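Asker: Sequence and predicted model, in that order:
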Amino acid sequence: MYVGDPQPTAAQVLRVFRHDEFYLFLGAAFTTLGLLSAAFSLVRRKLDAMLFWLALFAILYGQRLWLQVDFLSLLMPHSSFFRNLRIASNYLVPIPAFFYFEAAGFLGRYGRKIAIALAVPFLSLFVATFLFGPKDAFDLINNLIVILSLVALAIQSLTRKNSDRDVLIVRGGIVVFVAFALYDNIRGALGYHPFKEPLGFALFLGALGYVAATRS
């Protein structure tokens, strides 16, 4: 006899919501900021690449944050598509960040090639997750690339001799975000599931948004 999945009680739903409400708020805030940045970029006569990639980065991160929380799992039906989407979203988020830094000039003269080279493995992991399902090897590859990229970005930012205010603001945001992201990715590579990165991302996104707004 088939027995369906037990339905969560109201108390369980409320308990999960209270646990996740701060991250639900952050996800909504990131998505809203992304939509505003996209709208502002589109109404300009010329497409602003920094605002466009910032918008895409914020929207994807906000949606990924919602996909990661347990509260959404209670509302969504259990399916392989939702499971794959939840995992694959991790691999899609870093891509617009690379192109933002390329548009902002932080990757040097070969910025476009660097951004494309970094985007290819993440796109491959995203597609592979839907084709073959979640794999531990995919997470390991993702964590290694993210850790190496963040370390390289932090080193490049700290060693760059530039007193420009925008550079200093982005540098501070990078250092904060790298610290939180490295913590989550290193702990994730060890089998733990920390969830501190969104706090660093909020400060990081604020720095990127300020620079994009002043330059626009």
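Answerer: All right, it came through fine.

Asker: Now find how far off-centre the lengthiest helix in the chain is within its chain.
Answerer: Determined from DSSP state H, the single longest helix within the chain is helix 10-43. Chain-centre distance of helix 10-43: 13 Å, with C-alpha atoms, centre = their mean, to the nearest Å.

Asker: and the helix or strand harbouring residue 137, what does it pack onto?
Answerer: Residue 137 is part of helix 136-159 when elements are defined by DSSP states H and E. Applying 3 or more C-beta pairs under 8 Å, 6 or more residues apart in numbering; DSSP states H and E, we find helix 136-159 packed against helix 80-92, helix 94-104, helix 111-132, helix 165-189. For glycine as for every other residue, the C-beta is placed from the backbone atoms N, C-alpha and C.

Asker: For it, buried residues please.
Answerer: 138-139, 141-143, 145-147, 149-150, 153-154, 157 (16 or more other C-beta atoms under 10 Å).

Asker: What of stretch 41-49?
Answerer: 41, 48.

Asker: Stretch 195-210 now?
Answerer: Residues 197-198, 200-202, 204-205, 207-209 are the ones in stretch 195-210 that count as buried (16+ other C-beta under 10 Å).

Asker: quick one: least confident helix or strand in the protein?
Answerer: helix 70-75 (a mean of 72; mean pLDDT, DSSP states H and E).

Asker: now for it, which elements pack on it?
Answerer: Looks like helix 70-75 contacts helix 10-43 (3+ C-beta pairs under 8 Å, 6+ apart).

Asker: picking that back up, for the longest helix of the chain, packing partners?
Answerer: So helix 10-43, by 3+ C-beta pairs under 8 Å, 6+ apart, packs with helix 49-68, helix 70-75, helix 197-215.

Asker: quick one on the thing from earlier: measure how far the helix holding residue 137 is from the centre of its chain, please.
Answerer: The answer for helix 136-159 is 13 Å, by C-alpha atoms, centre = their mean.

Asker: What of stretch 207-216?
Answerer: 18 Å.

Asker: what is the mean pLDDT for that stretch?
Answerer: The average pLDDT for stretch 207-216 rounds to 73.

Asker: any idea which of the buried residues of stretch 195-210 is closest to residue 106?
Answerer: residue 208 (10.4 Å; C-beta to C-beta).

Asker: Give me the distance between the closest one and residue 89.
Answerer: Taking C-beta to C-beta, to the nearest Å as the measure, residue 208 falls 20 Å from residue 89.

Asker: Nearest approach to residue 107 belongs to which of the helices and strands packed on helix 10-43?
Answerer: helix 49-68 (12.2 Å).

Asker: For that closest one, buried residues please.
Answerer: 50-68.

Asker: before we move on, what about stretch 122-133?
Answerer: 122, 125-126, 128-129.

Asker: give me every residue that touches residue 54.
Answerer: 34, 37, 96, 100, 205, 208-209, 212 (C-beta atoms under 8 Å, 6 or more residues apart in numbering).

Asker: now with 10 Å?
Answerer: By C-beta atoms under 10 Å, 6 or more residues apart in numbering, the contact set of residue 54 is 33-34, 37-38, 41, 48, 96-97, 99-100, 103-104, 205, 208-209, 211-213, 216.
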